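Chemist: Coordinates for the following, if possible.
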Amino acid sequence: VNITASQNGNTQYDPAPNIVFALTINIATATLTLGVLTPIYDGTGKAVSVITDPVGLTGLSVTYDGNATLPTSVGTYTVVVSLTHDNYTAVNATSNLIIGKAAATLTLSDLTPTYDGTGKAATATTNPAGLSGVTITYDGLATLPTSVGTYAVVASLTNNNYTATNATGNLVIGKPTAILTLSDLTPTYDGTAKAATVNTNPAGLSGVSITYNGSATLPTLAGTYAVEASLTHANYTATNVTGNLVIGKATATLTLSDLTPTYDGTAKAVTLTTNPIGLNGLNITYNGNSAAPSLAGTYAVVASLLNDNYTAVNATGNLVIGKATAIITLSNLSQSYDGLSKTVTVSTNPAGLSGLSITYDGQATAPSNSGTYAVIASLTNDNYTAVNATGNLVITGGLNQIISFTSLANKTYGDAPFQLNAT
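Modeler: Okay, the predicted model is just below:
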């Protein structure tokens, strides 16, 4: 610096020549000190603070990894601070600016989905929202689970600018409710086992169990069975469905035969055939009675079926026990007159049948006089019929007759008339 001294003169003195003096002022040494070097990331540019001694010096220049732009992202940046000042010089201050990761929080939600056959993911929410780098595992695997069950969930954050404590919980995939429906509940007996049908919604689920009156055995006989269907399935639950399996009686047919026997003194029963053959539970009545009749006649027959597995319309008809054929034989057709009535002898085969009638020349009275008489023997019997037997009864000869008078007393002329008797 040049310093010039001058004097302009006055009334007593003339001006003095200027005198120039060279003054050297040396630059002072300042010190630079860096302030906070460990800020936390918040998305804004992070600048270090610089303190000068003496304070307040201007001309500072700060670079971060050689750039004047303030860094924002987490990381370590080489800081160089230099001073450009007219009066001060300073040794550059260097250090590292370390922007630390901010603390985020992870929150799990959607932890109770219901099974539908698709992969189920928990939701991990970050604060601040929308952070990238979230990883979720289920029982240690990244694969989304699909089946019903409980899975240990761990959500972690790998992010350039944030750190977070892992969030843990359980993903519980619950069983959805299926619906069981019964059908085919009214089969007809045919001797084979009958099963109800269980429909599931959704369709085709395995693990269905059915009981009939509490047993897993399929019923075969006609009747009503309490049905209960239940579901045991890894991924579905269902309320038991109940109903009744009603196995209806099959239709049988009844056929009567042997309806026209002939009387022989024994009971006559009709033959009753069933289709299918051999059914038990048959009942037959004859004019309302269960005893088979033995006498000739017509009997109203009703056949009915009382069977556990079959039903049938009653079969009706008439049992007609026909009269048997008897033979009538005449004998003792030649007799001698003795003044008494003469009857022929009539024999029946079988012997001893009642209901015989005999006429002699059309009269029921047996003749006594000599002569020839046309004989007809007929049979009227409840159980037998016979062709009339015919023949001639011949009464021959006569008795020697003697006329006898009663004794007569002597009579005198003029006596009263008297009666003469003779035998």
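Chemist: Burial check on the residue lying closest to T274 once chain neighbours are set aside, number of neighbours?
Modeler: Using C-beta to C-beta, 6 or more residues apart in numbering and skipping residues adjacent in sequence, the residue nearest T274 is A252, 5.5 Å away. Where you see a C-beta, it was placed from the backbone N, CA and C, and this is true even at glycine. Residues within reach of A252, counting by other C-beta atoms under 10 Å, total 18.
Chemist: Kindly report the same for T253.
Modeler: 13.
Chemist: can you check L333 too?
Modeler: 15.
Chemist: Would you confirm that it contacts V375?
Modeler: Yes. Between L333 and V375 there is a contact at 7.0 Å, judged by C-beta atoms under 8 Å.
Chemist: what touches both of those two?
Modeler: V344, G391, N392, L393 (C-beta atoms under 8 Å, 6 or more residues apart in numbering).
Chemist: Around the last one, how many other residues sit close by?
Modeler: Counted with other C-beta under 10 Å, the neighbours of L393 add up to 22.
Chemist: Tell me which helix or strand it sits in.
Modeler: Element membership for L393, per DSSP states H and E: strand 389-396.
Chemist: For that strand, which strands pair with it and how are they oriented?
Modeler: Strands that pair with strand 389-396, judged by DSSP bridges, come out as strand 334-336 (parallel), strand 371-379 (antiparallel).
Chemist: three-state assignment of the residue lying closest to I19 once chain neighbours are set aside?
Modeler: Once flanking residues are discounted, I19 sits nearest to A5: 4.6 Å by C-beta to C-beta, 6+ apart. Three-state assignment for A5 (DSSP: H, G, I helix; E, B strand; the rest coil): strand.
Chemist: can you name the farthest residue from the center of this structure?
Modeler: For the chain, the largest distance from the centre (C-alpha atoms, centre = their mean) belongs to Q12, which lies 142.4 Å off.
Chemist: What is the three-state secondary structure of it?
Modeler: coil.
Chemist: what about the stretch 301-423 of the chain, any weak spots by pLDDT?
Modeler: 398-408, 410-411, 413, 418-423 (pLDDT under 70).
Chemist: how about the strands of it, start to end?
Modeler: Taking DSSP state E, counting those that start in this stretch to define them, one finds strands in the stretch 301-423 of the chain at 310-311, 315-321, 324-331, 334-336, 345-349, 356-360, 371-379, 384-386, 389-396.
Chemist: Among these, show me which one is buried the most.
Modeler: For those, the largest average neighbour count (mean count of other C-beta atoms under 10 Å) is found in strand 384-386, namely a mean of 19.
Chemist: residues making contact with it?
Modeler: 263, 323-328, 348, 350, 353, 355, 378-379.
Chemist: And the residue farthest from the centre of the chain, how far from V241?
Modeler: Separation of Q12 from V241 (C-beta to C-beta, to the nearest Å): 138 Å.
Chemist: what's the answer for S73, then?
Modeler: Relative to V241, S73 is positioned 63 Å away (criterion: C-beta to C-beta).
Chemist: With neighbour numbers in mind, choose between these two.
Modeler: V241 (19 against 13).
Chemist: Would you confirm that the more buried one contacts S183?
Modeler: No. The criterion here is C-beta under 8 Å, and V241 misses it with S183 at 10.6 Å.
Chemist: In three-state terms, label the closest residue to A267 other than its chain neighbours for me.
Modeler: Using C-beta to C-beta, 6+ apart and skipping the chain neighbours, the partner closest in space to A267 is A292 (4.1 Å). Counting by three-state DSSP, the backbone at A292 sits in coil.
Chemist: Taking strand 315-321 as reference, get the angle to the helix or strand hosting I284.
Modeler: Per DSSP H and E: I284 is located in strand 282-286. With axes from the mean of the first three to the mean of the last three C-alpha atoms, to 10 degrees defining the directions, strand 282-286 sits at 50 degrees from strand 315-321.
Chemist: 595 is where my numbering starts, stick with that
Modeler: All set: I'll call the first residue 595, so the last point we hit is now strand 876-880.
Chemist: average pLDDT across strand 876-880?
Modeler: Mean pLDDT, computed over strand 876-880, is 98.
Chemist: and the residue nearest to T868, how far is that from S667?
Modeler: Remark: distance between A846 and S667 (C-beta to C-beta) = 94 Å.
Chemist: cool, S930 as well?
Modeler: S930 is 167 Å from S667, by C-beta to C-beta.
Chemist: what sits up against the helix or strand harbouring A820?
Modeler: Element membership of A820 [criterion: DSSP H and E] is strand 817-825. Contacts to strand 817-825, defined as C-beta under 8 Å, 6+ apart, come from residues 772, 774, 776, 779, 790, 792, 794, 799, 801-808, 813, 831-832, 834-841, 902.
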